[in-house]
Each structure stands twice: as structure tokens, then as C-alpha cells.
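>>> what shape does this take:
(chains A, B, C and D)
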Number of protein chains: 2
Amino acid sequence: MAAAPKNARPCSIADALALVGEKYSLLILREVCLGNGRFDQLVRNTGAPRDVLATRLRRLVDAGILDRRPYSERPQRFEYRPTRAGLELEPVLITLMAWGDRHLRGDDDRPMVIEHVCGHELVPEVTCRACGAPVRHEDLTSHPQTPGWTLSGPSVA
Amino acid sequence: MAAAPKNARPCSIADALALVGEKYSLLILREVCLGNGRFDQLVRNTGAPRDVLATRLRRLVDAGILDRRPYSERPQRFEYRPTRAGLELEPVLITLMAWGDRHLRGDDDRPMVIEHVCGHELVPEVTCRACGAPVRHEDLTSHPQTPGWTLSGPSVA
DNA sequence: TACTGTGAGTTTGGATTTCCTACCCACTGG
DNA sequence: CCAGTGGGTAGGAAATCCAAACTCACAGTA
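Sure, this is the predicted structure:
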């Protein structure tokens, strides 16, 4: 998943996945968002092999999704924290988690529950900013913007 | 990414990614949601090698995310369409696409624009169903539910 | 009848990635 | 001095990916 597939539809989903779609990347981001940004915590909590973790961390830092900051000189120790771009990816994680809770588990064995400041449990909902309505498939119309690509595929081949 | 990492935090994000986190899976779902559910369209539009595509399709059908239905007998031809579970994954794709548009591109070269029935361009926003407020990192508190796992990691090791 | 094309895959063999175990280094606390 | 912890590397085995070729069934044309 290192690079976006070639000759494929140009798409920000593909681009985003090329960055964060590799195995463990989103789990790393999850832990970092939970405040667990140290190497060994990440190893324990994500289950990633140490070398893979080191590679992913470099990539995510390069991509501007994580920030690597020292929390101790002598011995030098670093901790990873989400940048603004990283934090803005959190809603994706939350939405995915809710999907997994709903479709892959019973409603009663969710491994994690998120509480919102409003006092209720967070049930995430993707809405249209303009009208506030929840997004439903039937309410959407897609408009490709790339010359040569129609809704159904490349027009010139 | 075939299976969820072992010894790692139990988590629906990990479970969901074990299903749809493999390379191309989400791009396949994107195309299927756009209505492009035929094998050769998927090959062209996702850029996936044919064998990988065949493997992914089987997996997604088994997982109940896609439905494989004949659209022609003689010759037998099949087409893939999203199930309800698949459609409910669409908001994740849309949120991810918006993130990619914002962070990986200029606002003026988005490859695809989605229009909402309300007449405006869709700008997706993840909100709290209870209070309707957009989800912000600072407003959330996570509560692990699994014995042995705290916020920062396994407590018993 | 033969000839060409299409849809939906499967097969093959090699190139990449990932995984896992072990090791290394710097330091700390006892 | 010793064991332990944080943050990595090294090396080979295992899994995955990829491109291209191949299959099979049928359709259209001539």
C-alpha cells in the first residue's frame, strides 16, 4: 500500500490510503490519539513488530500526521503526538470503530466506549455541514472532476 | 492485514481493518458504491491486479459487505453491489476523502465533488448524535471496557 | 465455419513486504 | 555490578503483491 495504484481513478481516498492505509498505521494513530505515544507502548498496544513500527512512525512523521518530540534528554527519549492533520483523522477512526462495533460485534461487547462532553455516549454520525442531515447513500450525487474520468470509468482509455 | 494483530488492544478499529484494511479493499468499495460493480471496471478503476481483486471480492462477499449477483444468464455475468453493511461504510470513505482533499491536495484540484440533496456540495462532518455538535478531540473521553486493558495499555501484562 | 472480442476470472513465477527472534546501545535504579 | 527499560537494528523465513499469460464460455460478424 506504499503508493497509490497507477492507472487508477484519481481519488483522495486512494491518496489518503497510500499514506495511512498500511498495516498498523491507523492503529498507531489510534494509540497516539489516546495519548500513548511511546515506542514500547505502541509495540504492546498495537501488536506491531518493532521494525514495522519504526518504519511507520517515520512515514507518519514525514507525512505531517505525527510529531516526534523529546520528553527526556539523558537518556534521549521521544514520544509521538498527533499533529493537527493527525487529529483531523480521528473522526475517520471513530466512524470506523462505530461500524465495527455495529457489524462485527454484539452491542454489548464493545471494547471501548467514548463519552462526549455533552454527557452522552458518543454515537458518531456523518452529516452534511450545509443542512445538518445525516449522510445517506441515496442523497448523494458524485461529480468526477478529472478530465478523462467519468462516473463509471476512464472515457478515453 | 489479513487478521487482527495478536496480543494487541482489542478494538473494533483493528477488527474492521482486518476485514477492509487490505490494499484495494476500500477502493473496491468506493467503486461499488459508485455503481461500478463489474470485474473489469474494478480492474480499470482501482488498478488492482486481477488475482488480488478476485481474492478481495471473495473476502468482502464472505464478510457480508458486498453482494455478488448475476446480471445476465447466458453468458453468466456477475456484478458486485454493496450490502447494507457495505453502504454503512460509505461515510468512512467520504470522511477519508474529505481529509485527503484538505491535507493532500489544493482545494481546487479535488478529483471528485459530491453533491447532497439539499443542493449544496457535501462537506462531511462527524457529529455526536446526542447533541449534534461536531466531534472534537478535546471533547472526548475514552473508556476501555476490556478487563486487563486500561487507557494506556495492558494492566496485568 | 472460422475469426475476433468480452467478461470473469485462474495460474505462474518472480519481486516486495512483513514477520519474528534476537541482538544492540544508553542509561537508571538498587 | 546487575537487571531492567526505552528505542531501536539485523537477518532470514513467510506471506503478499504484481504483471502477464492463460482459460472458459459465450456473442457478433462474415
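>>> burial measure for the residue in chain A that DNA strand D sits nearest to, as a count.
Ranked by C-beta to the nearest atom of the strand, the top residue of chain A for proximity to DNA strand D is A:Phe39, at 3.3 Å. C-beta here means a position set from N, CA and C on the backbone, and glycine is covered the same way. A:Phe39 sits with 15 neighbouring residues when counted by other C-beta atoms under 10 Å in any protein chain shown.
>>> how about the residues of chain A near DNA strand C?
With C-beta under 7 Å from any atom of the strand as the criterion, chain A comes near DNA strand C at residues A:1-2, A:22-24, A:48-52, A:55, A:74-75.
>>> for A:Pro134, which residues are in contact?
A:125-127 (C-beta atoms under 8 Å, 6 or more residues apart in numbering or on different chains).
>>> mind running it again at 10 Å?
A:125-128, B:91, B:127, B:129 (C-beta atoms under 10 Å, 6 or more residues apart in numbering or on different chains).
>>> who does it form a beta bridge with?
For A:Pro134, the beta-bridge partners are A:Thr127 (DSSP bridges).
>>> tell me the residues of chain A that contact DNA strand D?
Residues of chain A lying near DNA strand D (C-beta under 7 Å from any atom of the strand): A:5-6, A:38-41, A:49-51, A:54, A:57, A:75, A:77-79.
>>> need the pLDDT of the residue of chain A closest to DNA strand D.
Looking at A:Phe39, its pLDDT stands at 94.
>>> specify the local secondary structure of the closest residue to it other than its chain neighbours.
Sequence neighbours aside, A:Leu53 is the residue nearest to A:Phe39 in space, at 7.1 Å (criterion: C-beta to C-beta, 6 or more residues apart in numbering or on different chains). Applying DSSP: H, G, I helix; E, B strand; the rest coil to A:Leu53 yields a three-state assignment of helix.
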